[in-house]
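Participant: predicted model and sequence below, questions to follow.
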Amino acid sequence: MNIKDSKKNHIESGPNLTPLVDVVMVIQIFLMLAGSFVGADNYLQSKMPVHKGVNVPTNDPPSMVTDRTLDIMVDARGSAHEDYVATVGSYHGNDGDKLAEAIGRMRQGMLNAGINEDQIQVVINPGRNVKYKFLVQVFQAANVAKFTKIGFGTSH
């Protein structure tokens with residue numbers, strides 16, 4: 001019996017991970033090539049130009065006519081934020097049809113005052129915790145009122 005051979009240390013290198021790494025890399029490359037890139041179709045379309053912040057100096061020439069802004073404030077209502085209230089002018093409520101009528105009257109008043117339709121822009125300003133579906137309802141009300149420049153402001 002040879003005692004020296006039994007006391008030799010046997011070093012095991014563990015399982016071979018090369019095939020696992022190869023399979024994971026093939027799956028990753030497949031998903032990268034098969035996936036689609038997110039385009040503009042997932043966002044609400046708006047023709048409103050980029051809105052300049054408050055008290056930001058501009059280099060616009062003095063003869064340039066600026067757009068008239070109609071701000072709609074949208075706030076969450078209720079403890080679970082399951083409702084909203086939109087405020088614009090004298091209107092204060094959450095009925096999309098009545099909101100469309102109210103801002104439609106404001107639009108007509110601006111047009112009667114001689115303001116060109118291209119110079120009127122609606123900015124929807126969400127409050128804290130306002131759900132996206134409520135902003136979409138306000139956006140749709142502005143579309144029903146025939147506004148062409150509709151955009152979103154920062155939360156107030």
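Facilitator: Cool, the structure landed. Numbering: from 1, shown residues only.
Participant: average pLDDT for stretch 137-151?
Facilitator: Taken as a whole, stretch 137-151 has a mean pLDDT of 91.
Participant: immediately after the longest strand along the chain, which helix or strand?
Facilitator: In the chain, taking DSSP state E as the definition, the longest strand is strand 68-77. Per DSSP states H and E, strand 68-77 leads on to strand 83-88 as the next helix or strand towards the C-terminus.
Participant: from the chain's centre, how far out does that following strand sit?
Facilitator: 18 Å (CA atoms, centre = their mean, to the nearest Å).
Participant: likewise for stretch 70-86?
Facilitator: 17 Å.
Participant: the strands in the chain, which residues?
Facilitator: Counting by DSSP E, the strands of the chain are 68-77, 83-88, 91-93, 120-126, 150-152.
Participant: kindly reformat those as JSON lines containing mean neighbour count and distance to V144.
Facilitator: In this view, the C-beta of every residue, glycine as well, is placed from N, C-alpha and C. Output for the strands of the chain, formatted as JSON lines (neighbours: other CB atoms under 10 Å; distance: least, CB to CB, whole Å):
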{"stretch": "strand 68-77", "mean neighbour count": "18", "distance to V144": "13"}
{"stretch": "strand 83-88", "mean neighbour count": "19", "distance to V144": "13"}
{"stretch": "strand 91-93", "mean neighbour count": "13", "distance to V144": "14"}
{"stretch": "strand 120-126", "mean neighbour count": "22", "distance to V144": "12"}
{"stretch": "strand 150-152", "mean neighbour count": "20", "distance to V144": "11"}
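Participant: can I get the ones you listed in JSON lines with distance to A102?
Facilitator: Below are the strands of the chain laid out as JSON lines (distance: least, CB to CB, whole Å):
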{"stretch": "strand 68-77", "distance to A102": "10"}
{"stretch": "strand 83-88", "distance to A102": "7"}
{"stretch": "strand 91-93", "distance to A102": "4"}
{"stretch": "strand 120-126", "distance to A102": "12"}
{"stretch": "strand 150-152", "distance to A102": "15"}
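Participant: of these, which approaches I29 most closely?
Facilitator: For I29, the closest of these is strand 150-152, at 37.6 Å, according to CB to CB.
Participant: packing partners for the closest one?
Facilitator: Helices and strands touching strand 150-152, by 3 or more CB pairs under 8 Å, 6 or more residues apart in numbering; DSSP states H and E, are strand 120-126, helix 132-144.
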